[in-house]
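S.K.: the sequence isn't on hand, but the structure is:
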């Protein structure tokens, strides 16, 4: 039973058993380390989101839950690391074991219409637990599904798409790209318009870390203390850029010389 105190909206959600959706085709079984940015302590949590969809006449006669589940299985062929499980290596390094075990998926029905929720829906959403069931034992960081989805059909023909996403696997942009791929495939595409690329090693520090040039913007500036380490926020025109030497001549052709003072540590 779910309750919206502001409007005394009470409704019932009937859920089916959670199931694992696996890639619909064989995928590589390999281990992919996360980057140093991905697996830092501040990212080790789950992100939840809720998306409300009105009834669409073009989808009449089609079950949104089944359409999404089938598209998800196809999208996971391209995004197969999401169907794996996180393991922890030496020094707590997070590694994706691409096992193809799948992501959690729940079909549900609610005896409520989208219009009953009102015009404004802002977090914290009081019905979150009903519309995104926290499957027991599934919310661990390690050895757990990296994605949980619940699709709740409404009596008006609309539906609510809710997800729980392991933040170490990506940020909001990455999640949006994955969901876009699912949506494209659900509408008939054979492949995502933007193929995923796993190049996490580019975001990892060297071993051992190596400084290749000085960042003068963090050592001093012309408008603040010479021994300061942070550029004052009131200096909104101070910007630092890094260019290779071969780029400088090209830049000079497009920008009048009198407006630019190139001071660079060439790479």
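M.R.: Great, that's in hand. Please read these numbers as outputs of a predicted model, since none were measured by experiment. Residues are numbered from 1 along each chain as shown.
S.K.: now do the buried residues in stretch 89-99.
M.R.: Judged by neighbour count (16 or more other C-beta atoms under 10 Å), stretch 89-99 contains these buried residues: 94-99. Placement of C-beta: from N, CA and C, glycine included.
S.K.: just those residues: which are in strands?
M.R.: Helix and strand membership here follows DSSP state E; of the buried residues of stretch 89-99, those in strands are 94-97.
S.K.: which of these lies closest to residue 161?
M.R.: Of all those, residue 161 sits closest to residue 96, with 24.2 Å by C-beta to C-beta.
S.K.: do I have it right that residue 13 meets residue 128?
M.R.: No. At 11.4 Å, residue 13 does not count as touching residue 128 under the criterion of C-beta atoms under 8 Å.
S.K.: looking at those two, which is more packed in?
M.R.: Neighbours per residue, other C-beta atoms under 10 Å: of residue 13 and residue 128, the larger number sits with residue 13, 19 against 15.
S.K.: wait, what's in contact with the more buried one?
M.R.: Taking C-beta atoms under 8 Å, 6 or more residues apart in numbering, we find residue 13 in contact with 2, 108-110, 130-131, 152.
S.K.: follow-up on the earlier one: how about the buried residues of stretch 89-99 in CSV, adding distance to residue 46?
M.R.: Output for those, formatted as CSV (distance: C-beta to C-beta, whole Å):
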residue, distance to residue 46
94, 14
95, 18
96, 16
97, 18
98, 20
99, 19
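S.K.: max pairwise distance over those: which two?
M.R.: Pairwise distances among these were taken by C-beta to C-beta; the largest, 14.9 Å, belongs to 94 and 99.
S.K.: surely residue 191 is within a helix?
M.R.: No. Counting by DSSP: H, G, I helix; E, B strand; the rest coil, residue 191 is not found in a helix; it is coil.
S.K.: which one is it nearest to, not counting chain neighbours?
M.R.: residue 78 (7.1 Å; C-beta to C-beta, 6 or more residues apart in numbering).
S.K.: gap between the one you found and residue 16?
M.R.: Here residue 78 is placed at a distance of 27 Å from residue 16 (C-beta to C-beta, to the nearest Å).
S.K.: just the contacts of residue 13 now: which is nearest residue 53?
M.R.: For these, the closest approach to residue 53 (C-beta to C-beta) belongs to residue 152, at 10.3 Å.
S.K.: in stretch 20-35, which residues are buried?
M.R.: Buried positions in stretch 20-35, judged by neighbour count with 16+ other C-beta under 10 Å: 21-23, 27, 32-35.
S.K.: what's the burial count for the residue nearest to residue 191?
M.R.: 17.
S.K.: which SS class is residue 38?
M.R.: Quick answer, by three-state DSSP: residue 38 is coil.
S.K.: now it. Nearest residue, chain neighbours left out?
M.R.: Closest residue to residue 38 apart from its sequence neighbours, by C-beta to C-beta, 6+ apart: residue 168 at 5.1 Å.
S.K.: just to check, residue 113 is in contact with residue 153?
M.R.: No. Judged on C-beta under 8 Å, residue 113 makes no contact with residue 153 at a distance of 11.1 Å.
S.K.: who's more crowded, these two?
M.R.: Comparing residue 113 with residue 153 by neighbour count (other C-beta under 10 Å), the higher total belongs to residue 153, at 17 against 14.
S.K.: state the next helix or strand along the chain beyond the helix or strand encompassing the more buried one.
M.R.: Using DSSP states H and E, the secondary-structure element containing residue 153 is strand 147-154. Moving toward the C-terminus from strand 147-154, the next helix or strand (DSSP H and E) is strand 159-166.
S.K.: next, the angle from that next one to strand 147-154.
M.R.: With axes from the mean of the first three to the mean of the last three C-alpha atoms, to 10 degrees as the basis, strand 159-166 and strand 147-154 are set at 170 degrees to each other.
S.K.: can you pull the buried residues of strand 159-166?
M.R.: Those would be 159-166, for strand 159-166 by 16+ other C-beta under 10 Å.
S.K.: for that strand, name the packing helices and strands.
M.R.: The contact analysis (3 or more C-beta pairs under 8 Å, 6 or more residues apart in numbering; DSSP states H and E) places strand 159-166 against strand 46-53, helix 64-78, helix 128-131, strand 147-154, helix 172-186.
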